[in-house]
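Q: here's my sequence, what's the structure:
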Amino acid sequence: MRVSHLLTYVLAIQAGRLSNNMRRTLIIAAAVIVLLGAGVAAYFYFFGKPAGIAVAPAGSANLPVAGQAAPSAESTPSTATPTAAPSPVTAVSARLVKISAGPAVPAAVVVDRKAVNASSSPEVVVNYLERESGNVFSYAMRAGTLTRTSNKTIPGIQSAAWLPDGSLAFVRYLSGADFSTINTYTLQADGSGGSFLSQNLAGVAVASTSVLTLSSSVSGSTASVGRADGSRTVTVFTTPLSALRASFAGKSQYLAFTKPSATLPGTAFLVDASGRFSRIAGPRNGLVALASHSGKWVLVSYALNDSMQMELIDTSTGETLPLPVATIAEKCVWTAEDSAIYCGIPVSPPAGAYPDDWYQGAVHFSDRIWRIEVSGRYAQLVLDFPKEAKDSLDVEAPAINQAGSVLVFVNKNDGSLWGYQL
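A: As a prediction, this is how the structure comes out:
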């Protein structure tokens, strides 16, 4: 309706010359014009302002994809001023600290740092990965400071294996449309560099500056060892067993055991430099094995009548020594000199299919941390976590420094990361 016509109708109304139908039409038209005017005003009020610029935060690089160049996200040098932590560090007691509320990747490395000068004290540093972002954080136990050393973004990391000096982690995560591809990426603690290993590796283990990789297929498994930078890689053993876990067990010796299952008997082997397998434990249902640093001892756990059992094996004699406490072997860590083991020991664990129920999250434990002396095979309570922290603890991925003064572990119940001064 034109404005001139609208004015004519208005004048007609004043003169009393319009019919009732014409008046209704005029009222409807006027209402439409009012509504259109209000809409135009609202648009300019809410959307007519100058456009802003959204800037992505630093380190928001895309997830690394095998076959492409390494991500080039900016990284914060380890000497930078400490950044804000993903969650506040909480000192629960004089010796127990909650480093991160998590979720943290269930792997951390505890490194002894030398004193900067004669007047300063040595520092113990904990390097760990935040699961949601893949960022690397470093916590200084004595100073109580938390620093983000890398903001390279690799979300969804499932596991990691750190070099003992804390400089590099081999991180593993899933990719692909159906998440069927396992990627292994070498992530520098300071965010620099980075490269991919072969896809779909069955396992990665580290010792000193060497890395052991395990490839598996329906025809068997092959283990290779090389330097952390990927050089001087050689095949150390090949076996028709296709479902294995492997790790270092001293110099030029390896521990290999079948993937644990509560319903199938498993076996553990020592593999020498020539690739020869020697059975040291099993067959036992749910068998899990953990070698000491020298390879002199192997801690073995297994399931018996819906309960957990644990024992020590002297690899030089083959002697089996039962232990007074029991847990799943991967809830333990060896001290550097092989004299003791620290373990998360569950209090009154329910009957179950172990370790399957624990892996799958069907069972959650309430652990206390015990120290097991190898020489006398006696256990000593170290940390009554439920009493001290007023919370439930399910120990996962424990780690200890070379000096044996700091123990770090992840609480599987919530993914939080803890440090305890021994």
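Q: what about the strands in the stretch 251-400 of the chain?
A: 254-258, 265-271, 277-285, 288-291, 297-304, 307-314, 320-322, 332-334, 340-346, 367-373, 379-383, 395-400 (DSSP state E, counting those that start in this stretch).
Q: listing partners with orientation, what would you give for the longest one?
A: Within its sheet, and counting by DSSP bridges, strand 277-285 is paired with strand 265-271 (antiparallel).
Q: ok and the partner strand relative to strand 254-258, angle-wise?
A: 160 degrees (axes from the mean of the first three to the mean of the last three CA atoms, to 10 degrees).
Q: quick one: strand 265-271 to strand 297-304, angle?
A: Using the same axes, to 10 degrees: strand 265-271 against strand 297-304 is 170 degrees.
Q: residues in contact with strand 265-271: which ones?
A: 223, 236-237, 246, 249, 253-260, 277-289, 295, 298, 300, 302, 315 (CB atoms under 8 Å, 6 or more residues apart in numbering). All C-beta atoms are positioned from the backbone trio N, CA, C, and that covers glycine.
Q: can you dump the C-alpha atoms of it in CSV for me?
A: Extracted C-alpha coordinates of strand 265-271, given in CSV (Å, rounded to 0.1, in the frame of the first residue of the first chain):
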residue,chain,number,x,y,z
PRO,A,265,45.6,-68.4,30.7
GLY,A,266,48.5,-66.0,30.1
THR,A,267,52.2,-66.5,30.0
ALA,A,268,55.2,-64.3,30.6
PHE,A,269,58.6,-64.6,28.8
LEU,A,270,62.0,-63.2,29.0
VAL,A,271,63.5,-62.5,25.6
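Q: distance from the chain centre to it, please.
A: 27 Å (CA atoms, centre = their mean, to the nearest Å).
Q: what do you get for stretch 236-250?
A: With CA atoms, centre = their mean, you get 23 Å for stretch 236-250.
Q: likewise stretch 146-158?
A: Counting by CA atoms, centre = their mean, stretch 146-158 comes out at 10 Å from the chain centroid.
Q: just stretch 215-226 next, same as before
A: Worked out by CA atoms, centre = their mean, stretch 215-226 lies 24 Å from the chain centre.
Q: and it, how far apart are its ends?
A: Terminal residues of stretch 215-226 are spaced 14 Å apart (CA to CA, to the nearest Å).
Q: how about the strands in the stretch 51-200 of the chain?
A: Under DSSP E, counting those that start in this stretch, the stretch 51-200 of the chain gives strands at 90-91, 96-100, 104-113, 123-130, 136-140, 145-150, 157-162, 168-175, 181-188, 195-196.
Q: sheet partners, orientation included, of the second one?
A: Just to be clear, that refers to strand 96-100. Here, using DSSP bridges, strand 96-100 pairs with strand 90-91 (antiparallel), strand 416-421 (antiparallel).
Q: quick revisit: and the contacts of strand 265-271, which of them are buried?
A: Buried members of these, scored by 16 or more other CB atoms under 10 Å, are 223, 236-237, 246, 249, 253-260, 280-282, 284-289, 295, 298, 300, 302, 315.
Q: give me the neighbour count for S316.
A: 9 (other CB atoms under 10 Å).
Q: the closest residue in space to it that isn't next to it in sequence and P355: what is the separation?
A: Distances taken as CB to CB, 6 or more residues apart in numbering place K296 nearest to S316, at 6.6 Å, with adjacent residues excluded. The gap separating K296 from P355 is 25 Å, by CB to CB, to the nearest Å.
Q: I'd like the distance between D384 and S210.
A: 38 Å.
Q: P346 too?
A: 34 Å.
Q: so those two - more neighbours on which side?
A: P346 (23 against 15).
Q: what's across from the more buried one in the sheet?
A: Residues in beta-bridge contact with P346 (DSSP bridges): D367.
Q: distance of it relative to Y302?
A: Taken as CB to CB, the span from P346 to Y302 is 15 Å.
Q: can you check G286 too?
A: Counting by CB to CB - G286 and Y302 are separated by 5 Å.
Q: buried ones in stretch 261-277?
A: Those would be S261, A262, G266, T267, A268, F269, L270, V271, for stretch 261-277 by 16+ other CB under 10 Å.
Q: closest to R227 out of those?
A: Using CB to CB, V271 comes nearest to R227 of the buried residues of stretch 261-277, at 19.9 Å.
Q: ok, what's across the strand from the closest one?
A: Y254, F277.
Q: what does the pLDDT read for the closest residue to S278 other than its chain neighbours?
A: Spatial nearest neighbour of S278, excluding adjacent residues (CB to CB, 6+ apart): L270 at 5.0 Å. On the pLDDT scale, L270 is placed at 98.
Q: list the contacts of the residue nearest to V395 when sequence neighbours are not counted.
A: Nearest non-adjacent residue to V395, counting by CB to CB, 6+ apart: G344, 2.4 Å away. The contact partners of G344, taken as CB under 8 Å, 6+ apart, are 327, 331-332, 365, 367-369, 393-396, 398, 409.
Q: dump the strands of the stretch 251-400 of the chain to TSV, plus distance to G194.
A: Shown next, in TSV, are the strands of the stretch 251-400 of the chain (distance: least, CB to CB, whole Å):
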stretch	distance to G194
strand 254-258	27
strand 265-271	30
strand 277-285	35
strand 288-291	29
strand 297-304	34
strand 307-314	38
strand 320-322	44
strand 332-334	27
strand 340-346	32
strand 367-373	34
strand 379-383	36
strand 395-400	22
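Q: of those strands, which approaches V171 most closely?
A: strand 395-400 (13.5 Å).
Q: any idea of the angle the closest one forms with strand 340-346?
A: Going by the same axes, to 10 degrees, strand 395-400 makes 160 degrees with strand 340-346.
Q: using CSV, write out the CA atom coordinates for the following helix or strand past strand 395-400.
A: Scanning forward in sequence from strand 395-400 by DSSP states H and E, the next helix or strand is strand 406-411. Output of strand 406-411 as CSV, limited to C-alpha atoms (Å, rounded to 0.1, in the frame of the first residue of the first chain):
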residue,chain,number,x,y,z
VAL,A,406,58.6,-38.5,45.2
LEU,A,407,55.8,-40.8,44.1
VAL,A,408,53.2,-39.6,41.6
PHE,A,409,50.0,-41.4,40.6
VAL,A,410,46.7,-40.9,38.8
ASN,A,411,43.5,-41.5,40.6
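Q: now the closest residue to P240 other than its chain neighbours, which residues is it bridged with?
A: Once flanking residues are discounted, P240 sits nearest to G220: 4.3 Å by CB to CB, 6+ apart. According to DSSP bridges, the partner residues bridging G220 are S217.
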